[in-house]
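Asker: whatever this is, show me its structure:
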Amino acid sequence: MTGVGRFLDGSGAVKQWPKKLADKRLVLTYLASKFEFDHSYHEREVNELLQQWHIFGDWALLRRELFEQGFLDRDRSGTDYRRII
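Answerer: Take a look at the predicted model:
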């Protein structure tokens, strides 16, 4: 299996965090697609959405990576997020 599919379970949830940067970008692109553009998400909503789309139990890692890799932006307080790519 190629692409992001090798990191997903049968229901489409991310089952593991990849080691390679290119694979991480694939997973982050997939997870970012679960967020709508032009919508503000409270940190709690981001966590809930990420919990729905992964099974390895580290939504904080995913939230942080989505922000640090430029998929989501957040306000200065770090509580409201928006999808930017």
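Asker: tell me the phi and psi of the most centrally placed residue in the chain?
Answerer: In the chain, the residue lying closest to the centroid (CA atoms, centre = their mean) is Leu31, at 3.9 Å. Taking degrees, to the nearest 10, you get phi -70, psi -40 for the backbone angles of Leu31.
Asker: correct me if wrong: it contacts Ala13.
Answerer: No: under the criterion of CB atoms under 8 Å, Leu31 makes no contact with Ala13, lying 10.2 Å away. For every residue, glycine as well, the C-beta is placed using N, CA and C.
Asker: hey, what's in contact with both of those two?
Answerer: Contact criterion CB atoms under 8 Å, 6 or more residues apart in numbering; residues bridging Leu31 and Ala13 by contacting each: 53-54.
Asker: related to what we said a few turns ago, and the residue nearest to the centre of the chain, what does it touch?
Answerer: For Leu31, the contact set (CB under 8 Å, 6+ apart) comprises 14, 50, 53-54, 62, 66, 71.
Asker: where are the low-confidence patches of this structure?
Answerer: Residues of the chain that meet the criterion pLDDT under 70 lie in 1.
Asker: quick one: the strands in it?
Answerer: Per DSSP state E, the chain carries strands over the ranges 40-42, 72-74, 80-83.
Asker: other SSEs contacting the longest one?
Answerer: Right, strand 80-83. Applying 3 or more CB pairs under 8 Å, 6 or more residues apart in numbering; DSSP states H and E, one finds that strand 80-83 contacts strand 40-42, helix 43-52, strand 72-74.
Asker: ditto for the second one
Answerer: Strand 72-74 sits against helix 59-68, strand 80-83, with contacts defined as 3+ CB pairs under 8 Å, 6+ apart.
Asker: same list (those) but as TSV, adding mean neighbour count.
Answerer: Listed next are these as TSV, based on neighbours: other CB atoms under 10 Å:
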stretch	mean neighbour count
helix 59-68	17
strand 80-83	18
